[in-house]
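J.: using only what follows, build the 3D model:
(one chain, ligands or ions: 1)
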Amino acid sequence: MPKVNLSLPAVRIREIRINSITGYQGDAEELVSASPRGLKDKNRSFSQCLGCSTSKAACMTVLIQDGAVISHGPVGCAACLHEFAFTYRVNSPLRGVEKPAPRRIFSTNLQEKDTVYGGAVKLAAAIREVRERTGANAIFVLTTCAAGIIGDDVESVCEEAEEELGVPIVPIFCEGFRSKVWTTGFDAAYHGIARKLIKPPRERRADVINVINFWGSDVFKDWFAPFGAKPNYITPYSTTESLAYSSEAAATVQACSTLGSYLGAVLEQDFGVPELPSAPPYGIAQTDRWFRALGKLLGKEEAAEKVIAEKKEKFIPRIEELRGKLEGKTAYVTAGAAHGHALLDLCGELGLNAVGAAIFHHDPVYDSGREENDQLAQRVRDYGSVPNFNVCNKQEFELVNALNKIRPDVLLARHGGMTLWGAKLGIPSLLIGDEHHGMGYEGIINYGERLLDAIENDEFVKNLREHSVNPYTDWWLEQEPHYFLQGGAGIQAVQGGAGK
Ligand code: SF4
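T.: You can find the predicted model right below:
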């Protein structure tokens, strides 16, 4: 079955579509070499709370400037949509958006009675009211577990509302229980956007390149200028109009292969926009490859060589200086999949010894099917393997266990809530939300300086360690991090009826 099929209302989930997994313990090289042969996921006999696809779908819709979002479900499911309030305020200047439109987030607030009689009437009324109150040019309807379980016909309600109101009403099927891999929520949002918003191209534009990203700073404006192009950022801070004609761009690039895997493939396969056959530019060797691949795709190889030469002349001396200061320090990384691999690239480039990683899930292959998009394979090739490589499904108890044993000189994280565990153990911990901060040659310097700063200024975390209470027992900290993962001692004990 094709990976991309826009005739279906819902996207095929990631574990079925591209065989993604949420549990692994070993080293990075072994994972890379096993990936083409297909991976079998491992279950845990115990887990803490998990991420939900709804929040990832929200992440890709609530920042669309002229849209509105309705969470169709109990009001609690909409709580995670508001986490983007902070992002919205803090990151808009990085993108040069002076006055971001206020977020428009609503919930149908399904009650117990609705789960008996159905929530379709409530949803239809909510769509009408949201359109009236906000004048949004598109309304995204995110489904939740409750709506999925009672079997509301969300597709039909949206179609009828679209006919009545004359604007796209985009159903996004992202119930938390639908997939074990929370990044399926990104795919679900992109699937809805591609079905309802993206239009066939009127022309091909050599001066526009799609950038599928989160909310990182506007580095691509300067990078694309020598190629005579400008970025079309998808989807945070975009508009329904800019999304509609993303089909006309000369190419699509990704800030993170995990994030944009599905939409990159949709734009290529259904709208003819080629996806750059390269993992994002983290580390010197990969940045070289990325600019060369871009030059080749655009037929501007000379421009690419010029950019590479100029940038290297400017930035390499400072990179070497930082490498001299960081060489031999140990680092541990925790992040979502491909961005975690990118952080491991930065460690490799800066001479840090990556002694482990807790990565939230693993995609053995992306929707493009191209090996060149695989950031972990490239990391292993360029800088070597990473031991203690744990695919942890954001299970913080595994992270704490590993950090407590490994005690790296620094922890690099991408998600709030993860750095605190390093800090409580007295480990300098760095969290950078701007995913473009580490990109390109200059990004290596950005990260190197921040890492150095974090490592040298460790008084705070040392004090914190003295005054922190670790909620985990000594018993747990003495076990292996994968104790509860299939193959670990814990799951065997549970299966044998002697669970702890
Ligand atoms: S959609 Fe499901 S998993 Fe997500 S917050 Fe609601 S109930 Fe929880």
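J.: tell me where the stretch 301-450 of the chain has strands.
T.: 330-335, 353-359, 389-391, 410-413, 429-431 (DSSP state E, counting those that start in this stretch).
J.: tell me who's in contact with the residue in the stretch 151-300 of the chain that the ligand sits nearest to.
T.: Relative to the ligand, the nearest point of the stretch 151-300 of the chain is residue 176 (2.2 Å; Cβ to the nearest ligand atom). For glycine as for every other residue, the C-beta is placed from the backbone atoms N, C-alpha and C. Residues near residue 176 by Cβ atoms under 8 Å, 6 or more residues apart in numbering: 50, 52, 53, 54, 77, 144, 145.
J.: returning to what we had before: can you tell me which of the strands of the stretch 301-450 of the chain comes nearest to residue 9?
T.: Nearest of the strands of the stretch 301-450 of the chain to residue 9, taken as Cβ to Cβ: strand 389-391 at 29.8 Å.
J.: got the residues of the stretch 101-250 of the chain near the ligand?
T.: Residues of the stretch 101-250 of the chain lying close to the ligand (Cβ under 6 Å from any ligand atom) are 144, 145, 175, 176.
J.: how many neighbours does residue 51 have?
T.: Here the number of neighbours of residue 51 (other Cβ atoms under 10 Å) works out to 19.
J.: number of nearby residues for residue 95?
T.: For residue 95, the count of nearby residues is 21 (other Cβ under 10 Å).
J.: mean pLDDT added to the strands of the stretch 301-450 of the chain, as TSV?
T.: TSV is the format used below for the strands of the stretch 301-450 of the chain (pLDDT from 0 to 100):
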stretch	mean pLDDT
strand 330-335	97
strand 353-359	98
strand 389-391	96
strand 410-413	96
strand 429-431	95
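J.: out of those strands, which gets nearest to the ligand?
T.: Of all the strands of the stretch 301-450 of the chain, strand 389-391 sits nearest to the ligand, with 20.2 Å by Cβ to the nearest ligand atom.
J.: contacting residues around that closest one?
T.: 21-28, 31, 356-362, 398, 402, 481-482.
J.: now with 10 Å?
T.: Residues outside strand 389-391 that contact it (Cβ atoms under 10 Å, 6 or more residues apart in numbering) are 20-32, 39, 41-42, 333-334, 337, 340, 344, 354, 356-362, 376, 380, 398-399, 401-402, 481-482, 485.
J.: residue 37 against residue 364, yeah?
T.: Yes: counting by Cβ atoms under 10 Å, residue 37 touches residue 364, with 8.6 Å between them.
J.: more crowded one of the two?
T.: Counted by other Cβ under 10 Å, residue 37 and residue 364 do not tie: residue 364 has more neighbours, with 18 against 7.
J.: so where's the stretch 1-150 of the chain uncertain?
T.: For the stretch 1-150 of the chain, the stretches flagged by pLDDT under 70 are 1-2, 82-89.
J.: pull the longest helix from this protein.
T.: helix 301-326 (DSSP state H).
J.: residue nearest the centroid of the protein?
T.: The residue lying closest to the centre of the chain (Cα atoms, centre = their mean) is residue 259, at 4.3 Å.
J.: which ones are touching that residue?
T.: Going by Cβ under 10 Å, 6+ apart, residue 259 touches 56, 59-60, 183, 186-187, 190, 212-214, 280, 336-339, 435.
J.: of the residues you listed, closest to residue 326?
T.: So of those, ranked by how close each gets to residue 326 (Cβ to Cβ), first place is residue 339, at 20.1 Å.
J.: how close does that closest one sit to the ligand?
T.: Counting by Cβ to the nearest ligand atom, to the nearest Å, the separation of residue 339 from the ligand is 22 Å.
J.: and if you look at residue 111?
T.: Counting by Cβ to the nearest ligand atom, the gap from residue 111 to the ligand is 14 Å.
J.: so who does that residue touch?
T.: So residue 111 contacts 74, 75, 117, 119, 122, 146 (Cβ under 10 Å, 6+ apart).
J.: out of these, which are buried?
T.: With burial judged by 16 or more other Cβ atoms under 10 Å, the buried subset of those is 74, 119, 122, 146.
J.: that older thread, skip the chain neighbours and tell me the closest residue to the residue of the stretch 151-300 of the chain closest to the ligand.
T.: Spatially, and ignoring its direct neighbours in sequence, residue 176 is nearest to residue 52 (4.0 Å; Cβ to Cβ, 6 or more residues apart in numbering).
J.: ends of stretch 128-140, how far apart?
T.: Start-to-end span of stretch 128-140 (Cα to Cα, to the nearest Å) is 13 Å.
J.: nearest to the ligand: which residue in the stretch 401-500 of the chain?
T.: Relative to the ligand, the nearest point of the stretch 401-500 of the chain is residue 417 (16.1 Å; Cβ to the nearest ligand atom).
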